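Chemist: Quick one: sequence and predicted model below, then my questions.
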Amino acid sequence: MVIDYSLYLVTDRNLCGSRSLLSIVEEAVAGGVSCVQLREKDLDSRQFVEQAKALQSLLQQLDIPLIINDRVDVALASGAAGVHLGQSDMHIRDARPLLGDTLIIGVSAETVDDAVAAEREGADYIGISPVFSTTTKKDIAEPLGLEGVSRIRELVQIPLVGIGGISEHNAAEVIDHGADGVAVVSAIVSADSPARASASILQQVKQGRRE
């Protein structure tokens, strides 16, 4: 499966305010989001699957892949395109037999060594996390910075997606330093217009590729 990682939306219901998650995602896709990750930390399994199925139903109509954060079982139950695994989640060597060769497995890398190991172990893409400091996710490593993105790009061939503190103000730099795409949470989910925010960030992604 070929996925466009250019503008990768990671959801956070706590940042949606009075708006529904589905409406925000739909607007974001209209603005140019090319991939969506459903991240849920406080739903029980049944609620998580129900939310994933609803989102998958929407995104399937829009031809946008859905990635599930952490949960291999939810990815399988919802018919998602794949799963994204953190350093403390199920190991890729255990997830791959369950997901098979056709579903996507992304892995978070907090260090250069993490990234090299993820590629060696069969990841389809790597989430470089965090590139910059961020308040969206707690208990994360020190920011890798643009130099960290460049170093990982030198050593890894598979797609790289930068996440952490990314917005329209720095997305071009992340791409210019070797990332294939940027993952965004609050800059889209909390925006007054997710569509306009997405379009603005995507414009910066394209600019980074030209530089």
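Modeler: Alright, I've got the coordinates.
Chemist: Ile24 reaches Pro194, doesn't it?
Modeler: Yes: using Cβ atoms under 8 Å, Ile24 is in contact with Pro194, at 5.1 Å. Heads up, the C-betas are built off the backbone N, CA and C, glycines and all.
Chemist: shared neighbours of those two, anything?
Modeler: Ile188 (Cβ atoms under 8 Å, 6 or more residues apart in numbering).
Chemist: tell me the contacts of Asp89?
Modeler: Contacts of Asp89 by Cβ under 8 Å, 6+ apart are Asp70.
Chemist: Can you tell me the element it falls in?
Modeler: Using DSSP states H and E, Asp89 sits in no helix or strand.
Chemist: how much space between it and Asp70?
Modeler: Going from Asp89 to Asp70 by Cβ to Cβ, to the nearest Å gives 5 Å.
Chemist: cool, Leu15 as well?
Modeler: 18 Å.
Chemist: neighbour count winner among these two?
Modeler: Asp70 (19 against 16; other Cβ atoms under 10 Å).
Chemist: pretty sure the more buried one contacts Ser88?
Modeler: No: the pair Asp70 / Ser88 is not scored as a contact, 9.2 Å apart, by Cβ under 8 Å.
Chemist: any shared contact partners between those two?
Modeler: Applying Cβ under 8 Å, 6+ apart, one finds that no residue jointly contacts Asp70 and Ser88.
Chemist: For the protein, which residues score under the pLDDT cut-off?
Modeler: 135-140 (pLDDT under 70).
Chemist: try 80 this time
Modeler: 1, 134-141, 211 (pLDDT under 80).
Chemist: OK, contacts around Ile188?
Modeler: Ile188 touches 9, 24, 28, 33, 194, 197-198, 201, counting by Cβ under 8 Å, 6+ apart.
Chemist: Run a quick neighbour tally on Phe164.
Modeler: Small correction: residue 164 is Gly, not Phe. 24.
Chemist: Touching, it and Ser129? I think so.
Modeler: Yes: counting by Cβ under 8 Å, Gly164 touches Ser129, with 5.5 Å between them.
Chemist: Now do the helices in the chain.
Modeler: 21-31, 45-62, 72-78, 92-99, 112-120, 145-155, 171-176, 186-189, 194-210 (DSSP state H).
Chemist: Could you work out which of these reaches nearest to Ser133?
Modeler: Counting by Cβ to Cβ, Ser133 lies closest to helix 145-155 out of the helices of the chain; the figure is 9.8 Å.
Chemist: Enumerate the positions of that closest one that are buried.
Modeler: Across helix 145-155, burial judged by 16 or more other Cβ atoms under 10 Å covers 146, 148-149, 151-153.
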